[in-house]
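build me a model from this:
(2 chains)
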Amino acid sequence: MKKQSIMMAGFAGLALTGCIQVKAPDKPIEINLNVKVQQEVVVKLQRDAQDLIQNNPELFPQ
Amino acid sequence: MTRKLLMFAAGAAVALASGFIMTAPARAQSGAVAAAMTAGTVGEQADGYLGIAGTVGADVRSEVEAINIKRRAAYTQLAGQRGVTVQDVAAATGCQTLSSRVKQGQVYRIGAGAWQTKGAAAIALPPYCATAG
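Residues are numbered from 1 along each chain as shown, chains lettered A, B, ... in the order given. Predicted coordinates:
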């Protein structure tokens, strides 16, 4: 009984010393999404562009 | 039961295939420009327009200009429908022409860069040409 409680205390001590401290940054985190938005516009247009090419073969000789 | 299902599947496949062939658009080509593209004197640009890469006759030059004017009109119309800029539509079309229309041996240009000849490998597209769905 006594031995067990000593071991428990030991584990608790280990857990305490193993703590990782997380500190909040001082400055707000800024994420710039402008490039991503521009890219999404073009990606959505890819399908339209495909149709445009297929519907106007005289404008897209090969 | 299984046999019936199989027959149905086969029928559906045939119907699909024939439908695909029927709807494949007939391809009209403007001969002089197509010949110049094969010769490497006219090529597609990433900006969505045709460009002149070498020495061409007046007929080819005027044909390229006419095509580009018509392309701009088509881009402008689509841009209006989608609420985006003409440049966006033109760039998206440029991604398509470079990725799937320029053939091996034909020339192309990205931005203000030099004209390059397409080899066996796919053209390295500008980063904004992310894979379309």
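
which residues are in contact with residue B:78?
A:45, A:48, A:52, B:89 (Cβ atoms under 8 Å, 6 or more residues apart in numbering or on different chains). Any C-beta I mention is one placed from the backbone N, CA and C, and that applies to glycine too.

how about those residues, which pair is most distant?
Greatest spatial distance among those (Cβ to Cβ): A:45 and A:52, at 9.4 Å.

need the overlap of contacts for the two.
Joint contacts of residue A:45 and residue A:52 (Cβ under 8 Å, 6+ apart) are B:78, B:89.

just to revisit the earlier point, what about the contacts of residue B:78, which are in helices?
A:45, A:48, A:52, B:89 (DSSP state H).

I'd like these laid out as CSV, including pLDDT.
Shown next, in CSV, are those (pLDDT from 0 to 100):
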residue, pLDDT
A:45, 86
A:48, 93
A:52, 96
B:89, 94
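
geometric centre of chain B: which residue is closest?
In chain B, the centroid-proximal residue (Cα atoms, centre = their mean) is residue B:97; its distance is 3.3 Å.

ok so that one is a helix residue?
Yes: per DSSP: H, G, I helix; E, B strand; the rest coil, residue B:97 lies within a helix segment.

name all residues that make contact with the closest residue in space to it that isn't next to it in sequence.
For residue B:97, ignoring the flanking residues on the chain, the nearest one in space by Cβ to Cβ, 6 or more residues apart in numbering or on different chains is residue B:44 at 4.4 Å. Taking Cβ under 8 Å, 6+ apart, we find residue B:44 in contact with B:50, B:51, B:94, B:97, B:98, B:101, B:102, B:106, B:108, B:109.
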